[in-house]
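K.L.:
sequence first, predicted coordinates after that:
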Amino acid sequence: MQAVPSVSWTSFPAQTHFAFEWEATPVLYSWGMTKLDRPLHFFFVTQPERFTGSVEFNISAQLYTSPIGTSHWGFSGQLLAHVPLVEYGEYAGLNLGGAHYTIAGISSNYIVVGFSTLFGFLHYNLKYSPADKIWMHAIEFRFF
């Protein structure tokens, strides 16, 4: 589980809300490591296993600073691919995937695109729900 929360802001058609987000990665498959490292990981992932090339399923909880409807909480499940771009992903990597968020009773599917840097510790992901016209910007700190 991630101890330091990431920050995000969600832009609904009529308003924008700021949130703190915590993530956990139950499953990650890494294809960029050496043969000495097993490719499948559960709950504990080192940064090189992620940024050298991987696909991960993660779950998250968001705590919004102002209520959305009657709730301050949001939850999600995401399937993300991390593709190394520069120096095996140490300096720059591409994040692509999909997500399903439930925020204050509103369930939406999202397209995720972003990049990572600083040896996989810093991610910026942009998430968009075409059906609901909701944009999410997330600055994610990956210390797990």
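P.N.:
Structure's in. What do you need?
K.L.:
most remote residue from the chain's center?
P.N.:
The centre of the chain is farthest from one residue, residue 36, which by C-alpha atoms, centre = their mean lies 27.1 Å away.
K.L.:
show me what the lowest-mean-pLDDT helix or strand in the chain is packed against.
P.N.:
Every helix and strand in the chain was compared by mean pLDDT, DSSP states H and E; the lowest is helix 47-51, with a mean of 70. Counting contacts by 3 or more C-beta pairs under 8 Å, 6 or more residues apart in numbering; DSSP states H and E, helix 47-51 is packed against strand 16-30, strand 71-86. From N, CA and C alone the C-beta is placed, and that goes for glycine too.
K.L.:
of all those strands, which one is nearest residue 108?
P.N.:
Nearest of the helices and strands packed on helix 47-51 to residue 108, taken as C-beta to C-beta: strand 71-86 at 9.6 Å.
K.L.:
any idea of the mean pLDDT in that closest one?
P.N.:
Confidence over strand 71-86, taken as the mean pLDDT, stands at 88.
K.L.:
ok, stretch 26-45 next?
P.N.:
For stretch 26-45, the mean confidence score works out to 78.
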